[in-house]
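1. the following comprises the amino acid sequence and a computationally predicted model.
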Amino acid sequence: MGLADVLLGRKKLKGAAGDRLFALSTASVTLDTELGLKTAGAAGVVFKPLSAGEFVRAENELQELLDAVATDSGTRLERKSDQFGYEWIVVRDPELEDQVATVHAVAQGLQERGFGEQLLAAVFKFDGAQHAVFWIYGFKRGAFWPFVPKGEKDRDNAEELELKAKLEPELPIEQDLSRWFGLFDAPL
């Protein structure tokens, strides 16, 4: 953390929390073979919008970061805003490992540029069940939780708890169920 970070009050996320994201790559075998869940080819990083003062500097840095990550990985990246005013970087790639690596690179790049506090979550979409399944990774807590929407604002809690039980040996799972926020209408 540099002097500017201290003066401007920006903090970096704990390094280990970002690295826990890679557990999803190793859990992909269980997701596929035991649960029949396959990547839908889309993931995303959601973050709080920047203040007006940070926006100009960050906008250029963010675009440079996205261009560099896309060039290195061959993954398509898109920027979107959702109905709540949050910003998304949507990752499109058919391989889950590439999605995880790209999401990690984007998150790490934002952290290195002093915007780690803006990071909220990474979201990975899976198909193969009755409803789409999302695995959400909370950057602040360094843990995953399942989200299974089954309607406009309804979710399948029983399915989510079953997924938790089956993936707990492989993924760092958020134990506090009150933190299992649903991301309805995620732009994936």
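-> Received it, and whenever you're ready, just let me know what you need.
2. now do the phi/psi pair for residue 167.
-> For residue 167, the backbone dihedrals (degrees, to the nearest 10) come out as phi -100, psi -10.
3. what's the neighbour count on it?
-> Neighbour count of residue 167, defined by other C-beta atoms under 10 Å: 23. Backbone N, C-alpha and C define where each C-beta goes, glycine included.
4. pretty sure it contacts residue 27?
-> Yes: in terms of C-beta atoms under 8 Å, residue 167 counts as a neighbour of residue 27; the distance is 5.8 Å.
5. does the nearest residue in space to residue 138 that is not next to it in sequence count as helix, strand or coil?
-> The shortest distance from residue 138 to any non-neighbouring residue, by C-beta to C-beta, 6 or more residues apart in numbering, is to residue 121 (5.4 Å). Counting by DSSP: H, G, I helix; E, B strand; the rest coil, the backbone at residue 121 sits in strand.
6. number of residues surrounding residue 86?
-> There are 18 residues near residue 86, going by other C-beta under 10 Å.
7. what's the answer for residue 125, then?
-> 19.
8. now do the contacts for it.
-> 39-43, 132-134, 186, 188 (C-beta atoms under 8 Å, 6 or more residues apart in numbering).
9. in strands, which of these fall?
-> If you go by DSSP state E, the contacts of residue 125 have 39-43, 133-134 in strands.
10. buried members of the residues you listed into PyMOL, please.
-> To isolate the buried ones among the ones in strands among the contacts of residue 125 in PyMOL, judged by 16 or more other C-beta atoms under 10 Å, type:
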select buried, resi 39+40+41+42+43+133+134
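11. now the ones in strands among the contacts of residue 125 as CSV including pLDDT and distance to residue 177?
-> Below are the ones in strands among the contacts of residue 125 laid out as CSV (pLDDT from 0 to 100; distance: C-beta to C-beta, whole Å):
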residue, pLDDT, distance to residue 177
39, 96, 25
40, 97, 25
41, 95, 29
42, 96, 26
43, 96, 23
133, 96, 17
134, 97, 16
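12. between the ones in strands among the contacts of residue 125, which is nearest residue 114?
-> residue 43 (23.5 Å; C-beta to C-beta).
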